[in-house]
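> okay, predicted coordinates and the sequence, questions at the end:
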Amino acid sequence: MPQLHFPDPTTCSFSELGAALVRAADRHTAAPEVRHDNTARGFSLAVDDVQVTAIHSPNSKLGGNTVYFLIDLGLMPVSDELAAWRALMEVNFELLKGNAICFSRRPVTGEVLLQKAWSLEQGEVDDLLCELLMMVKLARRWREEGFLAETLMAEPA
């Protein structure tokens, strides 16, 4: 799998990251279109029918060199929503490590999100791509099987 090294993280191109992910995934598609507004920029990739969204806010006080990857899993598909959210928080604890994937909730809609933070200073996309592909696999299983607390707790982080 190819590696991309950015020579200077302060000048690296966010769109170059999208193109590098497409190349590293050996997808024969064009680099994703980067959209932007006054505060952030982003792109989306379709990976095995799962939409992966990348968001970067270069002027953010939370980390201007951090890119956030999101996969929308939809609404919690169980009758006991509170217990399900508690289970996902336990899964988050089990996955806890620097820049690990985690589950969250979209405040406005209540949808479940699978997310990951990645620093542009890391400069190599091979590890990032592996984690994104794992996120896509989890998203596909979520769609096929529904809520995954037991499955996720059984898998090594």
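Ah, there it is. Residues are numbered from 1 along each chain as shown.
> CA only for contacts and neighbour counts going forward, please
Fine.
> confirm Asn59 sits in a helix?
No: going by DSSP: H, G, I helix; E, B strand; the rest coil, the assignment for Asn59 is coil, not a helix.
> roughly how far does it sit from Glu16?
18 Å (CA to CA, to the nearest Å).
> more neighbours: these two, which one.
Glu16 (15 against 12; other CA atoms under 10 Å).
> hang on, that one in a strand?
No: looking at Glu16 with three-state DSSP, it is helix, so not inside a strand.
> what sits against it?
By CA atoms under 8 Å, 6 or more residues apart in numbering, the contact set of Glu16 is empty.
> mind checking pLDDT for it?
Model confidence at Glu16, given as pLDDT, is 78.
> Leu113 contacts Leu88, doesn't it?
No: Leu113 lies out of contact with Leu88 (CA atoms under 8 Å); the separation is 10.8 Å.
> quick one: which of these two has more around it?
Leu88 (22 against 19).
> just the buried positions in the helix or strand where that one lies, please.
Secondary structure assigned from DSSP states H and E places Leu88 in helix 81-95. Residues of helix 81-95 classed as buried: Ala84, Trp85, Ala87, Leu88, Met89, Val91, Asn92, Leu95 (neighbour count, 16 or more other CA atoms under 10 Å).
> ok, now stretch 31-40?
Of the residues in stretch 31-40, those buried (16+ other CA under 10 Å) are Ala31, Pro32.
> before we move on, what about stretch 74-83?
Gly74, Met76, Pro77.
> what about it, start to end distance?
17 Å.
> distance between that stretch and the chain's centre?
21 Å (CA atoms, centre = their mean, to the nearest Å).
> what mean pLDDT does that stretch get?
On average, stretch 74-83 scores 80.
> just the residues contacting that stretch, thanks.
Ala84, Gly110, Glu111, Val112, Leu113, Gly146, Phe147.
> how far away is the fifth one from Ser15?
What that stands for is Leu113. For Leu113 relative to Ser15 (CA to CA), the value is 23 Å.
> and the residue nearest the centre of the protein?
When CA atoms, centre = their mean is applied to the chain, the residue found nearest the centroid is Phe69 (3.0 Å).
> next up, identify which helix or strand it is on.
strand 66-74.
> mind exporting the lengthiest helix in the chain as CSV, just the C-alpha atoms?
Longest helix of the chain, by residue count under DSSP state H: helix 126-145. Coordinates of each C-alpha in helix 126-145 appear next as CSV, following Å, rounded to 0.1, in the frame of the first residue of the first chain:
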residue,chain,number,x,y,z
ASP,A,126,-1.7,3.6,5.0
ASP,A,127,-2.6,3.3,8.7
LEU,A,128,-5.4,5.8,8.3
LEU,A,129,-6.8,3.8,5.3
CYS,A,130,-6.7,0.6,7.4
GLU,A,131,-8.7,2.3,10.1
LEU,A,132,-11.2,3.8,7.7
LEU,A,133,-11.7,0.4,6.1
MET,A,134,-12.4,-1.1,9.6
MET,A,135,-14.9,1.7,10.2
VAL,A,136,-16.6,0.9,6.8
LYS,A,137,-16.7,-2.8,7.8
LEU,A,138,-18.4,-1.9,11.1
ALA,A,139,-20.8,0.4,9.3
ARG,A,140,-21.8,-2.4,6.9
ARG,A,141,-22.2,-4.9,9.8
TRP,A,142,-24.4,-2.3,11.6
ARG,A,143,-26.6,-2.0,8.6
GLU,A,144,-26.9,-5.8,8.2
GLU,A,145,-27.1,-6.9,11.8
